[in-house]
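# need a structure here:
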Amino acid sequence: MRYVTSRRRFLQTSAALAAASTLPEWFLEECAAAEAPAKPTSGNDQPGIGLIGCGGMGRNDAKLASRFGRVVAVCDVDESHIAEAKKQWPDAKPFKDFRKLAQDKNVDVVVCGTPDHWHTLVSMAVMRAGKDIYCEKPLTLTIEEGKRLVRTVRETKRILQVGSQQRSDKNFRLACELVRNRRIGKLKHISVFLPSGRREGPFMSSPVPDGFDWDMWLGQTPKLDYVKERTHVTFRYWWEYSGGTMTDWGAHHNDIALWGLGLEHSGPVEIEAKPLVEMIPGGFSALSEYNVHYKYADGVTHSCQSTKADAWNGTVVEKDGQRNGVKFEGADGWIWVRRNELNASSPELLSEPLPSSAERLYASNDHMGNFFECVRSRKQPAADAEIGHRSVSVCHLGVIALRLGRKLKWDPAREQFVGDPEANKFLSREMRKPWDYDSALG
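Model (predicted):
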């Protein structure tokens, strides 16, 4: 049974949202009238949830998922993470190998909260085991991985929701609807501002902690001595496992840029990038400060630059009058959007309702709820594999341009660089044996 809002609750909800939001009342009324995500109606309607990657992000995602099912299994290469997960879900079966969890008959759906370099192999294993998956962003480590994941979704017909929760955020959806309906006139430029990364080092190796399977954690990436800064929260500042804030926060905000453009199944045609600092030898290897410029086939330009904001929690720090977020600039005005904030060059751009003939975007007000709704209905989720792949591809393109230091031309249909064999080598990475796309399936 689905929950339908009563008139009284509708008015109460609308008033509460309006008091706490910069969103216009007409849009909030639309959101309040929408159905809430379906919740289990009985004990038999609760899918078994498996959590792979039990760090803070994974446990938080599993907690959100537990509104719609039961956490029955947890998996991590770090025994201390398993212990923390077991505190929350004492009855969950522990695993150290994600492939065994994927095959467990009590697991119906999986939440993946691993470091970035494991997202693709875990997702492929889960889907080929006949299960649906909610996978944290960024979806992939390389563009080739994304192409393989999209194919796997099509072949297995499984549901994959990427943890790009801004797709279920009212501020971002309205901003993109207004832009796509030319509320600011013809779109000219998009400015994306991301937190700067961390520039530290050099770091020293140390003994592997007890209960931590370092070789399994490394997986497909090069074999290296254990350095604690390479693991857990700070893994994202190493090119070997991620792409710094360019792929971390960039997978969120560049996704919104594509959504506003209406190109979530395509991408830019030109990329040029400039590093703003040199990284410290022996320290974090993903560039911490940068400026990337994209151009699209219709002439729209898109800049993506780091700001002096806290790289982990997005604390607001202004640079040139701007902050961590996305600004759409058109012939007739601009719209600025970030989490919990939506502004425009004039109030009327937001306050005037869209006409009935307007293009409306996928409406989801609960990202995890949308995933479980799609598990039941088999419709595509708000942030499906293709969307997640294309969004992080924009970030990967920026990282490649930063590493090569020159302008690149990109064919978004073929997903290849144009006339540039050297750049095309960056579309994939060599996988350390015994890991490859087949052996990872167990």
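
# Can you identify each of the strands in the stretch 251-400 of the chain by residue range?
In the stretch 251-400 of the chain, the strands defined using DSSP state E, counting those that start in this stretch lie at 270-275, 290-295, 301-307, 325-330, 333-338, 341-344.

# ok, residues contacting the shortest one?
Taking C-beta atoms under 8 Å, 6 or more residues apart in numbering as the criterion, the residues outside strand 341-344 that touch it are 22-23, 171, 174-175, 184, 325, 333-337, 350. Any C-beta I mention is one placed from the backbone N, CA and C, and that applies to glycine too.

# Switch those over to CSV, and while doing so, append neighbour count, pLDDT and distance to Phe371 to every line.
Conversion of the contacts of strand 341-344 to CSV gives the following (neighbours: other C-beta atoms under 10 Å; pLDDT from 0 to 100; distance: C-beta to C-beta, whole Å):
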residue, neighbour count, pLDDT, distance to Phe371
Thr22, 13, 78, 27
Leu23, 20, 91, 24
Asn171, 21, 96, 20
Leu174, 23, 98, 22
Ala175, 29, 98, 23
Ile184, 22, 98, 32
Gly325, 25, 94, 25
Gly333, 16, 97, 35
Trp334, 18, 97, 33
Ile335, 24, 97, 28
Trp336, 19, 96, 29
Val337, 27, 96, 23
Leu350, 19, 96, 29
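
# Quick one: those residues as TSV, columns for distance to Lys137 too.
Listed next are the contacts of strand 341-344 as TSV, based on distance: C-beta to C-beta, whole Å:
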residue	distance to Lys137
Thr22	25
Leu23	24
Asn171	18
Leu174	21
Ala175	19
Ile184	27
Gly325	17
Gly333	30
Trp334	26
Ile335	23
Trp336	22
Val337	18
Leu350	27
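
# between these, which is nearest Tyr362?
Distance ranking of the contacts of strand 341-344 against Tyr362, using C-beta to C-beta, places Leu174 first at 12.7 Å.

# quick one: that closest one is in a helix?
Yes: membership of Leu174 in a helix is supported by DSSP: H, G, I helix; E, B strand; the rest coil.

# Can you give me every residue that contacts it?
Contacts of Leu174 by C-beta under 8 Å, 6+ apart are 23-24, 27, 342, 350.

# low-scoring stretches of this protein, by residue?
1-21, 35-44, 308-323, 440-442 (pLDDT under 70).

# Please go through it and pick out the longest helix.
Identified as the longest helix of the chain according to DSSP state H is helix 385-404.

# Can you name the element that comes right after it?
Note on helix 385-404: by DSSP states H and E, the next helix or strand toward the C-terminus is strand 408-411.

# That next one - contacts with which helices or strands?
Packing contacts for strand 408-411, counted by 3 or more C-beta pairs under 8 Å, 6 or more residues apart in numbering; DSSP states H and E, involve strand 270-275, helix 385-404, strand 416-417.

# Could you check which helix or strand contains the residue most central in space within the chain?
For the chain, Lys137 is the residue whose C-alpha lies nearest the centre (C-alpha atoms, centre = their mean; 3.0 Å). For Lys137, there is no enclosing helix or strand under DSSP H and E.

# what residues are up against it?
162-164, 251-252, 383, 388, 391-392.

# mind running it again at 6 Å?
Residues in contact with Lys137, defined by C-beta atoms under 6 Å, 6 or more residues apart in numbering, are 162-164, 251.

# among those residues, which two are most distant?
Across the contacts of Lys137, no pair lies farther apart than Gly163 and Ala251, at 9.2 Å, counting by C-beta to C-beta.

# Pull the number of nearby residues for the closest residue in space to Val269 that isn't next to it in sequence.
Excluding the flanking residues, the one nearest Val269 by C-beta to C-beta, 6 or more residues apart in numbering is Ala297, at 5.2 Å. Using other C-beta atoms under 10 Å, Ala297 has 12 neighbouring residues.

# again, but for Leu139
Other residues close to Leu139 by other C-beta under 10 Å number 31.

# which SSE is it in?
Short version, using DSSP H and E: Leu139 is in no helix or strand.

# how far away is it from Lys407?
Relative to Lys407, Leu139 is positioned 26 Å away (C-beta to C-beta, to the nearest Å).

# cool, Gly55 as well?
For Gly55, the distance to Lys407 equals 38 Å [C-beta to C-beta].

# and what of Glu348?
According to C-beta to C-beta, Glu348 stands 39 Å off from Lys407.

# Which of these two has more residues huddled nearby?
Comparing Glu348 with Lys407 by other C-beta under 10 Å, the one with more neighbours is Lys407, at 13 against 10.

# Can you tell me the closest non-neighbouring residue to the more buried one?
Leaving aside its sequence neighbours, Lys407 sits nearest to Glu272 (C-beta to C-beta, 6+ apart; 4.4 Å).

# Check Glu136 too.
Of all residues not flanking Glu136 in the chain, Gly163 sits nearest, at 4.3 Å (C-beta to C-beta, 6+ apart).

# can you count the residues close to that neighbour?
25.

# is it true that it touches Ile133?
No: with contact defined as C-beta atoms under 6 Å, Gly163 does not reach Ile133; the gap is 10.5 Å.

# circling back to that earlier point, with respect to Asp210, which of the contacts of strand 341-344 is nearest?
Nearest to Asp210 among the contacts of strand 341-344: Gly325, at 42.6 Å, using C-beta to C-beta.

# what residues are up against Arg59?
By C-beta under 6 Å, 6+ apart, the residues touching Arg59 are Ala85.

# where's it, which helix or strand?
Using DSSP H and E, Arg59 sits in helix 56-65.

# any idea how far that helix is from the chain center?
When distances are taken as C-alpha atoms, centre = their mean, to the nearest Å, helix 56-65 is centred 15 Å away from the chain's centroid.

# do stretch 360-367 as well
Worked out by C-alpha atoms, centre = their mean, stretch 360-367 lies 16 Å from the chain centre.
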